[in-house]
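>>> after the sequence you'll find the predicted model.
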Amino acid sequence: MRSKFTAMGEANRMEDRSIEAQRLARHIDISCVQAFHTRDEIGRMIEAARKYRFVCVFTLPAFSSYVAEKLRDEPDIRTGGVISFPGGGDTVAQKGRQARELLEMGCGEMDMVMNLTAFRSGEYAWVTEEIRAVIENASGIPVKVIIEAPRLTEQEIRRAVDLCAEAGADYVKTSTGWYVEKTKLEHIKIMASQAGGRIKLKAAGGIRTAGTIFAMEKEGCSRFGLGLDSALSIMEELNGGILANSTDKVR
Ligand SMILES: O=C[C@H](O)COP(=O)(O)O
């Protein structure tokens with residue numbers, strides 16, 4: 001027979017995990033930013049954000065105003081807007097205009113893709129200019145710059161982190177999640193050592209477990225971008241099965 005103390009211990013552990021899930025949710029951007037995501041998935045993502053209180057909710061730009069409208073009465077959950085997703089090849093002026101349009105739609109955070117051709121060709125002034133154009137048009141809301149770290153050499157990652165920090169971005173973000181190469185702890189270690197506290201870090205693309213998030217947090221990463229299904233399974237993992245039996249389960 002299970003003792004009263006064993007049952008109490010289990011209950012305490014479940015409560016700890018649930019508190020940890022709540023804490024982590026405030027560092028998670030949930031997203032449906034793949035080309036084939038459906039309106040139904042976007043709807044489920046909004047419900048998941050309401051339930052778990054994820055800090056920010058991202059779609060492709062065509063659906064940003066829809067998300068902002070749905071989250072109008074949830075001031076602690078921001079609508080995220082993506083700029084030049086996923087390739088990064090728009091002009092500086094286009095990126096600035098996208099930022100302004102997303103702001104008008106009600107976005108509270110913006111993730112822009114760096115011009116990877118310019119960057120890999122050594123045209124660093126171009127990258128600095130486009131980041132500054134987005135920051136200027138974002139009117140003070142957080143701007144994150146996606147560098148596709150899993151596709152870069154270590155030297156390139158370090159240079160990209162420097163450019164983002166010097167241009168004044170709030171975060172440097174590893175990846176759009178659109179490529180086969182996924183974000184690894186190694187990328188976060190390189191980015192953290194180069195950032196040296198000058199810019200915050202966001203990990204995204206292929207993050208599938210709470211353990212990965214904790215390991216990246218330990219290296220100094222403070223924001224995590226997760227697709228809908230990964231975000232839900234991590235919340236369930238952290239809640240230790242409580243949700244698996246719950247009637248108000250999101251999916
Ligand atoms: O930042 C958003 C990414 O889509 C997240 O990547 P994922 O779909 O591999 O979780």
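Received, thanks.

>>> return the set of buried residues in the helix or strand harbouring Ile213.
Ile213 belongs to helix 210-218 when elements are defined using DSSP states H and E. By 16 or more other CB atoms under 10 Å, the buried positions in helix 210-218 come out as 210, 212-213, 216-217. C-beta: built from backbone N, CA, C; applies to glycine.

>>> give the contact list for Glu20.
Leu238 (CB atoms under 8 Å, 6 or more residues apart in numbering).

>>> what's the per-residue pLDDT of the closest residue to Asp76 other than its chain neighbours here?
The shortest distance from Asp76 to any non-neighbouring residue, by CB to CB, 6 or more residues apart in numbering, is to Arg53 (6.4 Å). Per-residue confidence at Arg53 stands at 97 (pLDDT).

>>> residues near Arg53, how many?
15 (other CB atoms under 10 Å).

>>> quick check on it: phi, psi?
Main-chain torsions, Arg53, degrees, to the nearest 10: phi 60, psi 50.

>>> do the same with Leu24
The phi and psi values for Leu24, taken as degrees, to the nearest 10, are phi -60, psi -40.

>>> and for Val113?
phi -90, psi 130.

>>> please apply the same query to Lys144.
phi -110, psi 140.

>>> what does Ala204 give?
phi -160, psi 150.

>>> can you give me the helices for this protein?
4-25, 39-52, 64-70, 92-105, 116-120, 124-138, 154-167, 185-195, 210-218, 228-238 (DSSP state H).

>>> so which of those helices comes closest to the ligand?
Counting by CB to the nearest ligand atom, the ligand lies closest to helix 228-238 out of the helices of the chain; the figure is 4.5 Å.

>>> wait, doesn't Arg53 sit right on Arg26?
Yes: using CB atoms under 8 Å, Arg53 is in contact with Arg26, at 6.8 Å.

>>> about what we covered before: present the buried residues of helix 210-218 as TSV; the columns should include pLDDT and distance to the ligand.
Shown next, in TSV, are the buried residues of helix 210-218 (pLDDT from 0 to 100; distance: CB to the nearest ligand atom, whole Å):
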residue	pLDDT	distance to the ligand
Ala210	95	14
Thr212	97	11
Ile213	97	11
Met216	98	13
Glu217	98	16
